[in-house]
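J.: Just a sequence and a predicted model for now, questions to come.
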Amino acid sequence: MVYIKSLLRSIAIGVALASELAIALSIITMAPGTATTQHEGKQRVASHQTPNQTASPPPRRNPGSSVAGGRRNSNACPQDGISETTSLPLIPLSPMTGTGLTLEARPTFLVYVPRTSAETAEFSLSTRDGRGIYRTTIPLTHTPDIVSIPMPDQTEPLEVGRPYMWVFAIICNPNRRMADQFVISNIERTALDPVRLRQIEQTPIRQRIALYQEDGIWYDALNLLFELKRNQPNDPEIDAAWREFLNSEGVDTMIEINSARSR
């Protein structure tokens, strides 16, 4: 009897995971609903991978709220042989459990992309009810690397207290989007007491990261650390803080930031 209950439980979990994957695949393959146009807004890209911003909305469906730092599998594209891939998978730099918080109306997202022969990737952001907010195509010219995706000024700002879902997909075969390798994660904008916010804004950058962490503002702390490490790649204190921060939320600390070095 115990064996049967265990078997049924395993089957139920398997069905749930399969359903989640099917929904995620529909996100990657769904065609945009409007024509695309180019934006020429302010660029704040920290990585060498430069997004090609478009006005077309991302797909209108999303996985369940249980998804946090999810991924399709542990490698890059099928055509990339073992000798061409790194030991690390495609990794969203976001909390592995729960939803990461930000104070920004238009935050920046970071993703670790392993070595791949794919030439482009796609980033999309949507509300939990499936309304598209932003989608952009990103050229993959230097991998492995961390890709930085800022939301442009023309994009609709995130609402405070509303959860959003974002997807980053490596386009392995433009003619067969079901082959995309993708990761899924969550973000929510929050607000702080004005006094606390002013205290954080007036604090030096290195100390500001700790204050963000105290209030659970994960994305903003991450981006400050990324900028510090990108600009001061040989600082051992920053390197230790970077690894400790990622480890605190279960993100692989073996990530090396190619984009942290000047080119």
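T.: Done, it's in. These numbers come from a predicted model, not from an experiment.
J.: What segments of the stretch 51-200 of the chain are strands?
T.: With DSSP state E, counting those that start in this stretch as the criterion, the stretch 51-200 of the chain has strands at 52-54, 70-71, 91-92, 100-102, 108-113, 120-127, 132-139, 145-150, 163-171, 181-189.
J.: where's residue 230 relative to residue 96, distance?
T.: According to C-beta to C-beta, to the nearest Å, residue 230 stands 23 Å off from residue 96. Placement of C-beta: from N, CA and C, glycine included.
J.: for residue 116, same thing?
T.: According to C-beta to C-beta, residue 116 stands 22 Å off from residue 96.
J.: just for the protein, where's the confidence low?
T.: For the chain, the stretches with pLDDT under 70 are 1-76, 81-87, 252-263.
J.: quick revisit: tell me which of the strands of the stretch 51-200 of the chain sits nearest to residue 209.
T.: For residue 209, the closest of the strands of the stretch 51-200 of the chain is strand 100-102, at 13.9 Å, according to C-beta to C-beta.
J.: and the closest one, what other elements does it pack with?
T.: Packing contacts for strand 100-102, counted by 3 or more C-beta pairs under 8 Å, 6 or more residues apart in numbering; DSSP states H and E, involve strand 181-189, helix 218-231.
J.: For residue 230 and residue 96, work out which one has more neighbours and name it.
T.: residue 230 (19 against 16; other C-beta atoms under 10 Å).
J.: Number of residues surrounding residue 224?
T.: Count around residue 224 with other C-beta under 10 Å applied: 17.
J.: can you check the one 4 residues further on too?
T.: The number of residues packed near residue 228 is 20, by other C-beta under 10 Å.
J.: Contact partners for it?
T.: Neighbour list for residue 228: 205-206, 235, 238, 241-242 [criterion: C-beta atoms under 8 Å, 6 or more residues apart in numbering].
J.: Check the helices and strands packed on strand 100-102 for me and report the most buried one.
T.: strand 181-189 (a mean of 23; mean count of other C-beta atoms under 10 Å).
J.: and that strand with strand 108-113, angle?
T.: Relative orientation of strand 181-189 versus strand 108-113 (axes from the mean of the first three to the mean of the last three C-alpha atoms, to 10 degrees): 160 degrees.
J.: Just confirm residue 190 contacts residue 105, I think it does.
T.: No. Using C-beta atoms under 8 Å, residue 190 is not in contact with residue 105; the gap is 11.5 Å.
J.: in which helix or strand would I find residue 208?
T.: According to DSSP states H and E, residue 208 maps onto helix 205-214.
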